[in-house]
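Asker: got a structure for you, letters missing:
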């Protein structure tokens, strides 16, 4: 239709004069520094009753074009279009600008540009219409001084005003698109759904243009859930296959206030599962189909299996090795029984985890993978427990099952019977939830986001099956167990050696106590010293001693009482963790070193993308071993940092250590419930981010290369 329109008016307008639109080139600064990005604007002023066109002109017309002629060292980004007006007609609907419009373009100045004046020039072409249409063109130019300090121009206010008229990023709307039904000829109904703030009187979708399909301009408002907007739009296929993604502006109108959100959405298949989920560990710039349920269960199993080699679970693996050595020569039925009991311990803890998540969601609170690590009281209890387990493995003391709950748990962890197998399953799950593995992020995010409790429980139980499966399989393969050495004195040495991974886990947990308690966390270390001395006195003079056992018990209890009263209660003040300060602007301490990382926010992403800069977001947490052992060193790689600086990329860190709601919502938007997660936003603000669960230096360099193509 648009091509036919252009052919009809083309011959008659070639020599016409565009006398109804005045054009000029404006800059946000008259002096700029090397390496800086400033905004230029093509200001079009139309006579009353005349209009020009948006990036998708609609059923007729043509968008304005800008052909830049810039000096060496200055490069122009893509045009940033303000929100247009919709001009409906009986036959043709168009998207237009009336009176005035400023088309914004980021200009990036290379770091090596020499000081002095630069001439900037552009050839602008447009179509201006009233009843008839006239094609217009003009050459516009201005000068920019390169100096040591930025100086605003007289048009800074004008450009700032039009920046406010740009559409917002659609990242905050959790938008999705999916086919409602199959096609009828060349038409197929598409459902667009997104979150809205408050009551919205009117909603619409302004689509981008595409040569292979056309989104019809009339969208039908459907009933949506609470806080959601749902539209039905008809898509007409012009050639090729049905589109895999759709882009444009989501429009919300309440009275005189209008909001627009720029989105590019993958189109999911019909049904309730909605948008596609990126394959774990790979980049996603928009998937093409809805996630299949069987694939999510497969991801859950593989993710649970991989957790066995993650650093958070290594201490429990050490205990399981010790257990298999101890039980290898026993009856096969007993070994199999212990394997089943260990699996039951894992599955029981995953069931409890699933029920806790569902309970928190029902209470209106967000819940992420490993959410318990955000609880300061959990950290204190777990640090103490794991320290006691390590001391028990070192042989400092032995505890009988008649002792208190906390000390009994330490004995259970080092025993190899049914109780020990079950407790090791529980302990493995608790420690495993601080890690995220490839495939696991997508599966857990899917489970947490899906409003189907049964599916959520089943997916988490599948993760548990994956975590327990190596030990379950090994316990049912007697031939594999026979290769293990015979029990002997070496087992005592091996048991002591296994205490070192456990004490490492205790040290890691203790380091996390500094998050809710700050510098006071040093007193947690002192409390553990009291606990260790009390355990030694108990083991040496009560269990292995022959005289004055009662006095030794008194000394042990006294040491625990002093440690609790003085170190834990008085100095650490464990009941009063530090409250988070709202609106903190300092870069997080979890950020990789070597770059000027800034705190993540949706506004920070939108601002950087509006300036035409690529953006990297690192979702991380202090309690996440994968984040700190793999992701952080990847960003600290010299080649990666050189590339980020060369591209003038914006580096943002999203600190999930204390589970802020805004980051929980952002993870959920990408169908994730865990960190790590890395997003790489391309320079073109219309392109969706590339999504990664795990990255290495080569992965980041490849993504950055794609981001500037």
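Answerer: Arrived safely, thanks for sending. Here the structure is a predicted model, which is why all the values come from computation and not from measurement.
Asker: just checking, what packs against the helix ranked longest in the chain?
Answerer: When the chain is parsed with DSSP state H, its longest helix is helix 332-362. When contacts are defined as 3 or more C-beta pairs under 8 Å, 6 or more residues apart in numbering; DSSP states H and E, helix 332-362 sits against helix 314-327, helix 418-432, helix 453-475, helix 478-481. To be clear about C-beta, it is placed using only N, CA and C from the backbone, and glycine gets the same treatment.
Asker: tell me the pLDDT at residue 134?
Answerer: Here, the pLDDT recorded for residue 134 equals 91.
Asker: how many other residues sit next to it?
Answerer: 19 (other C-beta atoms under 10 Å).
Asker: and it, how far from residue 24?
Answerer: 19 Å (C-beta to C-beta, to the nearest Å).
Asker: again, but for residue 644
Answerer: 36 Å.
Asker: do the same with residue 694
Answerer: 50 Å.
Asker: ok, those two, which is more surrounded?
Answerer: Shown here are residue 694 and residue 24; by other C-beta under 10 Å, residue 694 has more neighbours (21 against 16).
Asker: next, the buried residues of the helix or strand containing residue 302.
Answerer: Here residue 302, judged by DSSP states H and E, is contained in helix 293-306. Going by neighbour count (16 or more other C-beta atoms under 10 Å), the buried part of helix 293-306 is 296, 297, 299, 300, 301, 302, 303, 304, 305, 306.
Asker: residue 513 touches residue 378, doesn't it?
Answerer: No: Residue 513 lies out of contact with residue 378 (C-beta atoms under 8 Å); the separation is 10.5 Å.
Asker: how close does residue 64 get to residue 398?
Answerer: 82 Å.
Asker: those two: which is more packed in?
Answerer: Under the criterion of other C-beta under 10 Å, the comparison of residue 64 against residue 398 puts residue 64 first, with 24 against 14.
Asker: which residues of the stretch 501-650 of the chain fall in strands?
Answerer: 598-599, 615-620, 650-655 (DSSP state E, counting those that start in this stretch).
Asker: quick one: closest of those to residue 700.
Answerer: Each of the strands of the stretch 501-650 of the chain has some distance to residue 700 by C-beta to C-beta; the shortest is strand 615-620, at 7.6 Å.
Asker: and that closest one, how far out from the chain's middle?
Answerer: Put simply, strand 615-620 sits 7 Å off its chain's centre (C-alpha atoms, centre = their mean, to the nearest Å).
Asker: equivalent analysis for stretch 560-576, please.
Answerer: The answer for stretch 560-576 is 37 Å, by C-alpha atoms, centre = their mean.
Asker: that one: end-to-end distance?
Answerer: From its first residue to its last, stretch 560-576 covers 21 Å (C-alpha to C-alpha, to the nearest Å).
Asker: what residues does it touch?
Answerer: With C-beta atoms under 8 Å, 6 or more residues apart in numbering as the test, stretch 560-576 has contacts from 376-377, 380, 517, 520-521, 523-524, 526-527, 529-531, 534.
Asker: I'd like to know how far residue 74 sits from residue 118.
Answerer: Distance from residue 74 to residue 118, by C-beta to C-beta: 6 Å.
Asker: got it, and residue 50?
Answerer: 33 Å.
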